[in-house]
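Peer 1: Sharing a sequence plus its predicted fold:
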Amino acid sequence: MIKESLADRLLKGAFAGCLTLFAVYCILPFVAVIGNSLTTERSIRLHGFTLFPREWTTLAYQFIFSDSTIFRAYGVTIFVTVVGTALAMLATCALAYPLSLRALKYRNAINFYVYFTMLFNGGLVASYLLIAKYLGMKDTIWVLIIPALINPWNMFLLRNFFKSIDESLAESAKIDGADDIYIMFRIILPISLPALSTIGLFYAIAFWNKWFEALLYISDERLYPLQYLIQRIMSNLQFAEQLQAKGLFVDIETPTLTVNLATTVVTIGPIIFLYPFLQKYFVKGLMVGAVKG
Amino acid sequence: MSEMNALSETVSSGKRRERFAFFKEIRKNGKLYLLTLPGILLILVFAYLPMGGIVIAFQDFNVMEGIAGSEFVGLRNFEFFVQSPDMLRIAGNTLYLNALFIVFSTLAAISIAVMLTEIGGRWFKRIAQSLVILPHFVSWTVVAMLLSVLLNTEAGLINQLLAAFGVDAVQFYSDPDKWPLILVLVKIWQGAGFGSIVYLATIAGINPDIYEAASIDGASRWQKIRFITLPLLKTTVILLTLLAMGGIFYGDFGMIYAIVGLNVLLYPTTDVIDTYVYRALMELGDLSMAAAVGFFQSVLGFILVITVNWLARRFSPDSAIF
């Protein structure tokens, strides 16, 4: 082992310093929101937002949980995430597995069929008309799920993973008389768990964070997902701020500042808590997909 | 004559053979095709059917009449927005913001990947990586909320910090000039850590013998980064930049709409094609115009992907997408 020179050690120190700074930059907004959600309305009015609360209180959280809005939105989001991820994984695996097999004669045509949608699309207006007018999916929970069941990017990532599995495994099972569907569910998927958990995580987070579809298609308050709730709060705030900037007097007494922040914390809560456990999956999974891709 | 007959016979027998081959393939792999069916249908309905809806861009579309009944007006919708002053602004903003995003996100992601590779300490590395990736997993609406705590005129943390140095408060939400910078910083915050994963994977794939040989020759840490790591990242950088450039005509709607929303004061620098189309659709209800702008965007985007890929294949074959 060659002893490191001073310059090398300095460089290493500088890198550690930069990374620490960047990590703080990444985490600070979260700290600020959590901190201010735990303080009193009065404290914010007097001193502005602070990183750590001056006056502790959980009033904002008590207020949120005394109302059914957040629970209902939670229910919608959890349903969309669980059902959406399960269906998306089924559809994506069922498409990715056959496409990974060289024995499938028309696989290139199907590959291109999927790939082309990544290059060209019909645009927002046509999709909107199709979903709202022709399919009649407006104000149904399925509008948040069904159009998002196949993500081409995830499909190709998974196909690349399946490709790396030895094809003789499936062939020998076939000689023993197993059919393709049995092979996929009983042999291929069980040995692909790391890749499946990565892709599953990507889908789950995409479903958890959905709000644009709600903005477009959902006007029934009982079907608002969590993130859309935040968006509604945010646009009300922006509206008030805009009026103030124009010098108009607004008598919007917002004792809800801390409530808004607490709502935000509650929507990101599960991600923050689960994150440390899930992190290793997507880093590893992405690395497999990226190297093979 | 007999020659013609013979020819038509071979053609039809060729067709028959083709059809025969098709049925043979279905009989052999039918269950595999059955598996692909749900995916194929979903893509057909939600990706290909809307492509047919592009017709609206050439119509004076009327919701009551539907696509079949609306009047065909040729390129009139296109003339309208090409002549409008909005067009130049939103196209300019889209390209400018996306170019900034691509350049700075890529630089930040590469730096993070290189630094994460170089530093020691397993725990430090893991924690740092976890923290920088975290912002990728919250939605843009949450980001907008976080940002308001920082940028609020009276109570915001940034203005408090400025006040501590005796600087006057900045009205961020009514000053469009500050927003390209703010959006770039937000984009780096949100995406650079996650983007670094691919570069980390590439660096991890570099043959360690190369570094060892360099060390034996007395190369410093910096020289190894400069002359080994960075050059070997080139292919990946080009590939990802090409992918990103293919989408340069698509504004980041989720980000910009969630953060800027309907704040008219910020439109001069933040209004992009996608937010414009959205407003044309939802507020003005001008479906044909919105469709025309969207179509224009899709076509330009498509041409760009093809061109960019052609260039890639020409100059750096490893980086070509297809």
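Peer 2: Thanks, I have it. Residues are numbered from 1 along each chain as shown, chains lettered A, B, ... in the order given.
Peer 1: What ranges does chain A have for its helices?
Peer 2: Listed in chain order, the helices of chain A (DSSP state H) span A:6-37, A:41-47, A:59-65, A:68-99, A:107-119, A:123-128, A:152-163, A:167-175, A:180-183, A:189-191, A:193-208, A:212-217, A:226-245, A:257-292.
Peer 1: As CSV, the ones you listed with distance to B:Ala280 would be great.
Peer 2: In this view, the C-beta of every residue, glycine as well, is placed from N, C-alpha and C. Formatted as CSV, the helices of chain A follow (distance: least, CB to CB, whole Å):
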stretch, distance to B:Ala280
helix A:6-37, 33
helix A:41-47, 38
helix A:59-65, 36
helix A:68-99, 28
helix A:107-119, 24
helix A:123-128, 8
helix A:152-163, 27
helix A:167-175, 50
helix A:180-183, 46
helix A:189-191, 45
helix A:193-208, 26
helix A:212-217, 14
helix A:226-245, 18
helix A:257-292, 30
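Peer 1: Select, out of these, the one closest to B:Val167.
Peer 2: Closest to B:Val167 of the helices of chain A, according to CB to CB: helix A:41-47, at 18.1 Å.
Peer 1: buried stuff in that closest one?
Peer 2: Neighbour counts using 16 or more other CB atoms under 10 Å in any protein chain shown place A:41, A:43-44 of helix A:41-47 among the buried residues.
Peer 1: Can you list the low-confidence ranges for the stretch 101-250 of chain A?
Peer 2: A:238-250 (pLDDT under 70).
Peer 1: Is A:Ala170 in contact with A:Arg102, as I believe?
Peer 2: No: applying CB atoms under 8 Å as the test, A:Ala170 and A:Arg102 come out as separate, 10.9 Å apart.
Peer 1: who has more neighbours, the two?
Peer 2: Neighbour count, other CB atoms under 10 Å in any protein chain shown: between A:Ala170 and A:Arg102, A:Ala170 has more, with 20 against 8.
Peer 1: which residues sit in contact with the closest residue to A:Tyr115 other than its chain neighbours?
Peer 2: On the basis of CB to CB, 6 or more residues apart in numbering or on different chains, the spatially nearest residue to A:Tyr115 that is not a chain neighbour turns out to be A:Pro152, at 6.8 Å. Residues near A:Pro152 by CB atoms under 8 Å, 6 or more residues apart in numbering or on different chains: A:114-115, A:117-118, B:43.
Peer 1: For A:Ile272, see how far away A:Pro152 is.
Peer 2: Distance, A:Pro152 to A:Ile272, using CB to CB, to the nearest Å: 29 Å.
Peer 1: hmm, back to that, just name the closest of the contacts of A:Pro152 to B:Gln160, please.
Peer 2: Distance to B:Gln160 across the contacts of A:Pro152 (CB to CB) is lowest for A:Met118, with 44.6 Å.
Peer 1: my guess is the closest one meets A:Asn154, correct?
Peer 2: No: A:Met118 is beyond contact range of A:Asn154, at 11.5 Å (criterion: CB under 8 Å).
Peer 1: between the two, which one's more packed in?
Peer 2: Using other CB under 10 Å, the more surrounded residue of A:Met118 and A:Asn154 is A:Asn154, with 20 against 17.
Peer 1: can I assume that one is in contact with A:Leu201?
Peer 2: No: A:Asn154 lies out of contact with A:Leu201 (CB under 8 Å); the separation is 10.3 Å.
Peer 1: Mutual contacts of the two, please.
Peer 2: Jointly contacting A:Asn154 and A:Leu201 under the rule CB under 8 Å, 6+ apart is no residue at all.
Peer 1: how about the nearest residue to the most centrally placed residue in chain A, chain neighbours excluded?
Peer 2: Centroid-nearest residue in chain A, with CA atoms, centre = their mean: A:Ile205, separated by 2.4 Å. Counting by CB to CB, 6+ apart, B:Phe137 is the residue found nearest to A:Ile205 once chain neighbours are left out, at 5.4 Å.
Peer 1: so the one you found makes contact with A:Ala206?
Peer 2: No: contact criterion CB under 8 Å: B:Phe137 and A:Ala206 do not qualify, at 10.0 Å.
Peer 1: the more surrounded of those two?
Peer 2: Remark: of B:Phe137 and A:Ala206, B:Phe137 carries more neighbours, 22 against 17, as counted by other CB under 10 Å.
Peer 1: got the contact list for that one?
Peer 2: For B:Phe137, the contact set (CB under 8 Å, 6+ apart) comprises A:205, A:209, A:271, A:275.
Peer 1: Any of those buried? List them.
Peer 2: Buried by 16+ other CB under 10 Å: A:205, A:209, A:271, out of these.
Peer 1: how close does the first one get to B:Ala258?
Peer 2: Which is A:Ile205. According to CB to CB, A:Ile205 stands 16 Å off from B:Ala258.
Peer 1: Nearest to chain A within the stretch 151-300 of chain B, name that residue for me.
Peer 2: Using CB to the nearest CB, the closest approach of the stretch 151-300 of chain B to chain A is made by B:Gly294 at 3.0 Å.
Peer 1: Near that residue, how many other residues are there?
Peer 2: B:Gly294 has 29 neighbouring residues, counting by other CB under 10 Å.
Peer 1: Over to A:Phe156?
Peer 2: Residues within reach of A:Phe156, counting by other CB under 10 Å, total 18.
Peer 1: One more: B:Asp177?
Peer 2: A total of 9 residues lie near B:Asp177 under the criterion other CB under 10 Å.
Peer 1: mind checking which helix or strand the closest residue in space to A:Tyr106 that isn't next to it in sequence is in?
Peer 2: Leaving aside its sequence neighbours, A:Tyr106 sits nearest to B:Glu25 (CB to CB, 6+ apart; 7.1 Å). For B:Glu25, the host element (DSSP states H and E) is helix B:2-43.
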